Structure formats: C-alpha cells, structure tokens
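Engineer: no sequence for this one, just the structure:
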C-alpha cells in the first residue's frame, strides 16, 4: 500500500481532511486542517485520491482523544466540539459559494448542542455472528457494540438487556431498532426477523428482553407474513405537542436540537392567526402540528405511510383538527393544490427536492419558505431554481443536530 506524508489545509463536506500531493487533491479520513499526517492511500482516481491517517505527525491543537473505536459512527470524535462547530460553518459557506455562486451567504452562527454526547433517541443495530452493533464504515460487517456514547442513557440500558438475552434467539434476528422517549424516559424496541424466522421465537425474545429491561415498555416484531397483534407506540414531545410514534417511524433523532430548529422556523415564518401553511415532506407532522395553533389550515404532504399514520393518530390526541395530512409523493400532490399559502416548510430527504417540487413551489409562490437541509451541497443545488424565480436568501441557520459527526443540518429562509 502506498504511503505519503501530507499537509492538511482544508475540510471536505463529508468530513475528510483535504491536502494536495503532486497537484492532486487527497481526501483523508481522520485528518484535520493544520495537521501533518502520514496517509495510506486507499483509492486513486484521475483527479483525486483517498486515504486514511496512519500517523499524526503534527496534530492540530483541536485534536482530542476519541472515546470509542467505532470511527464510522462518530467520525468527528477526534475533533474538539468548538472546532466541530467552526468546521461545519466553514463547510456551509464554502459549499454555498462554490455550488450556488453566493460569495457572502447570510450564515448565522451555528446553534450548538447542549449535549454533544448522549443525544440520539433512536438507533438500528445489526445482528451478525454473535455481534450486535453498526456496520463498520465502508463494509457490511458488524462492529460489536456494548455501549454507544451517542445514545440517550435509556437506550444503552436497553442495549445491555438485549445483549444479555439475545444469544438464545440470535439465529432468528437480522436487526433491532431502539427508540427512546426523550420527554418520558422509556424505550420501545422493534425486532427485525430473518425471512424464515419464527414469529413465536421472536415474540419470546421480546418477552425475555422486557423481563430483563424494566425501562423497555414494549417490543414489536417484524417478520415476513406476520402481523403484530398489538401495536407498539411511543410518546414523545416536541413544541408542546405529544407525538404518538411507531418504533420505525422517522422523527428528529436529537429532540432538544429539534426544539431549537422549530424555534427558528416559528420566528422566521411569523405566521399570523388564520394563516395557511404548506409542509412538504412533513413526516409525522414534526413541524406542521406545533405550528398549526391559530392557523386556518395546514397541508402536510408525506409519502411514507407509517409517518402519515403517526401524524393522523397524533393530531386528535392533541386536539388538532386543522392539519390535513396528504399521503402522496410531494411531486404528485403539489400540482393538485391551487390555494394560496402564507408560508411553506420543505424538509426533503438527503437527496433533496424532486425537480417538480421546486417547480410547484415557484408556481404556488408562498411569500416565505423554510427549507430544512441535511446536505449543504444538495441545498446549494436546490436553491438555484428558487433564487431564479424571485426568492432571496435571507438566512442560513445551522443547527448542530449530530455532534461528533460531519453531518450538517440547517434552516434556510427564502423570501419573495
């Protein structure tokens, strides 16, 4: 394997350090700006190469000792938290300048997480050959996980109970999803069985797991051709709303930071009583329901049936009658709308908005759009069509939902 000595001068969107050797850009996993590192080259292409750090010759003053060996799961744990925040702001500015042509984007100081560790309220763990954990970075092999410092403490308690009872049932299990209620402190689980697994065997695992783990209030079973006789839900709170969620339904994984994000959206949209709000890629109504108070109507569009079911279930639980959940792909639902909206929220998946969604937003022309992005490069791409039809970029507010990782979330405000 080829090894080189390299000066790191920048940071890439995916979190790798960036250096140059013989005129070629080198992306280096585990390296930080300002460091000199010895790198093992793992991939060479005509215009760039990739490698991993095998020795830090001159460390950055922001380098800290990692607390877990699972580098793929917490890929930035070697970076002091204040430096993580600076680097995320830098990446956002660079991506918007490079890809959207914005020389001075209005990027506000990032909203730091009050808990840089122990914040995740959900995890899906794989089971393989006596191991329970995540897939190693770049492979399908499972790392054996006894404790995950990114998880809420209740989830680590549930993981410990699972590891104790699993050996008897392991042959039936592909994966396990854990979900904790940040507001109420309990956990539910979802066991994903092999295609040929016995539902009775999986149910026995769930029962044994609950006996071992008092904090575990329910366990659902997912197996081919098997229908769960009694649904399992978890209650969690956000923005004054109690959500009734399925174990596998999408919900913001960092509840305290989701509250900060909701606060930014609420302030920036400044919705007035009797107004109309459009929420595209709405999930279970994470933002639609807290913002619905006092509005005439909210239209929440979501393709995932489990998320829609959770939203429909949660609305009456909170006395909400003015949110219209539309189960459809956004690009198919939006052309059917012809009513005016005072504002829109767009929270697309990592791949960004379907082009037709951007076209329909331009047609509907809400005065204000809050675009929630989890990928600065995709954000820069999606901004173009909206800026071209008369929107201006008023605010880019990063919110650190994922400390110890290079993932970047931000709320972008566009106004006509």
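Structural biologist: Yep, it's here. All values derive from a computational prediction rather than experimental measurement. Residues are numbered from 1 along each chain as shown.
Engineer: was I right about residue 77 contacting residue 403?
Structural biologist: No. Under the criterion of C-beta atoms under 8 Å, residue 77 makes no contact with residue 403, lying 9.0 Å away. C-betas here are computed from N, CA, C, even on glycine.
Engineer: who's in contact with the closest residue to residue 233 other than its chain neighbours?
Structural biologist: The shortest distance from residue 233 to any residue other than its chain neighbours is 5.1 Å, reached at residue 244 (C-beta to C-beta, 6 or more residues apart in numbering). When the contact criterion is C-beta atoms under 8 Å, 6 or more residues apart in numbering, the partners of residue 244 are 233-235, 310, 313-314, 317.
Engineer: so where's the stretch 51-200 of the chain shaky on pLDDT?
Structural biologist: Counting by pLDDT under 70, the low-confidence segments of the stretch 51-200 of the chain come to 70-71, 137-138.
Engineer: can you show me the strands along it?
Structural biologist: Remark: strands assigned in the stretch 51-200 of the chain by DSSP state E, counting those that start in this stretch are 122-128, 131-133, 173-180, 187-193.
Engineer: isn't there a strand covering the residue nearest to residue 233?
Structural biologist: Yes. Remark: residue 244 belongs to a strand, assigned using DSSP: H, G, I helix; E, B strand; the rest coil.
Engineer: could you chop the chain up by domain?
Structural biologist: Residue ranges of the domains in the chain are recorded as 3-63, 122-234, 254-415, according to automatic domain parsing.
Engineer: first vs last residue of the second one, how far apart are they?
Structural biologist: So that's domain 122-234. The separation between the terminal residues of domain 122-234, taken as C-alpha to C-alpha, to the nearest Å, is 12 Å.
Engineer: then the last one?
Structural biologist: Length of domain 254-415, first residue to last, C-alpha to C-alpha: 28 Å.
Engineer: low-confidence stretches in the stretch 251-400 of the chain?
Structural biologist: Counting by pLDDT under 70, the stretch 251-400 of the chain contains no low-confidence residues.
Engineer: all strands for it, in order.
Structural biologist: When assigned using DSSP E, counting those that start in this stretch, the strands of the stretch 251-400 of the chain occupy the ranges 276-280, 297-302, 323-327, 343-346, 368-373, 392-399.
Engineer: let me know which of the ones you listed is the nearest to residue 65.
Structural biologist: With C-beta to C-beta as the criterion, residue 65 lies closest to strand 392-399 of the strands of the stretch 251-400 of the chain, at 26.1 Å.
Engineer: just how off-centre is that closest one within its chain?
Structural biologist: Computed by C-alpha atoms, centre = their mean, to the nearest Å, the separation of strand 392-399 from the middle of its chain amounts to 19 Å.
Engineer: over to stretch 117-129?
Structural biologist: Here stretch 117-129 shows a centroid-to-chain-centroid distance of 13 Å under the convention C-alpha atoms, centre = their mean.
Engineer: and it, what's buried?
Structural biologist: 117, 119-123, 125-128 (16 or more other C-beta atoms under 10 Å).
Engineer: let's have those residues in a markdown table, adding distance to residue 371.
Structural biologist: A markdown table is the format used below for the buried residues of stretch 117-129 (distance: C-beta to C-beta, whole Å):
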| residue | distance to residue 371 |
| --- | --- |
| 117 | 29 |
| 119 | 24 |
| 120 | 24 |
| 121 | 24 |
| 122 | 24 |
| 123 | 27 |
| 125 | 32 |
| 126 | 33 |
| 127 | 37 |
| 128 | 38 |
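Engineer: one step back: go through the strands of the stretch 51-200 of the chain and pick out the most buried.
Structural biologist: For the strands of the stretch 51-200 of the chain, the largest average neighbour count (mean count of other C-beta atoms under 10 Å) is found in strand 187-193, namely a mean of 24.
Engineer: between it and strand 122-128, how big is the angle?
Structural biologist: Taking axes from the mean of the first three to the mean of the last three C-alpha atoms, to 10 degrees, one finds strand 187-193 and strand 122-128 inclined to each other by 30 degrees.
Engineer: packing partners of strand 187-193?
Structural biologist: Strand 187-193 makes packing contacts with helix 153-165, strand 173-180, helix 199-212, strand 216-222 when contacts are defined by 3 or more C-beta pairs under 8 Å, 6 or more residues apart in numbering; DSSP states H and E.
Engineer: pairing partners for it, with directions?
Structural biologist: For strand 187-193, the paired strands and their directions (DSSP bridges) read strand 173-180 (antiparallel), strand 216-222 (parallel).
Engineer: report the angle between it and helix 153-165.
Structural biologist: An angle of 40 degrees separates the directions of strand 187-193 and helix 153-165 when computed by the same axes, to 10 degrees.
Engineer: can you give me the first-to-last residue distance of stretch 190-206?
Structural biologist: In stretch 190-206, first residue to last residue: 9 Å (C-alpha to C-alpha).
Engineer: what separates that stretch from the chain centre, distance-wise?
Structural biologist: 28 Å.
Engineer: in it, what counts as buried?
Structural biologist: Of all the residues in stretch 190-206, those buried under the rule 16+ other C-beta under 10 Å are 190-193, 197, 199, 201-206.
Engineer: stretch 16-35 now?
Structural biologist: For stretch 16-35, by 16+ other C-beta under 10 Å, it's 16-19, 26-35.
Engineer: what sits against residue 379?
Structural biologist: With contact set as C-beta under 8 Å, 6+ apart, residue 379 has these partners: 95-96, 100, 352, 371, 373, 410, 412.
Engineer: out of these, which end up buried?
Structural biologist: 95-96, 100, 352, 371, 373, 410, 412.
Engineer: in helices only, show me these.
Structural biologist: With DSSP state H as the criterion, helices contain 95-96, 100 from among the buried ones among the contacts of residue 379.
Engineer: of all these, which comes closest to residue 185?
Structural biologist: Among these, residue 95 lies closest to residue 185 (C-beta to C-beta), at 38.0 Å.
Engineer: which non-adjacent residue is nearest the closest one?
Structural biologist: Distance criterion C-beta to C-beta, 6+ apart; nearest residue to residue 95, sequence neighbours excluded, is residue 376 at 3.9 Å.
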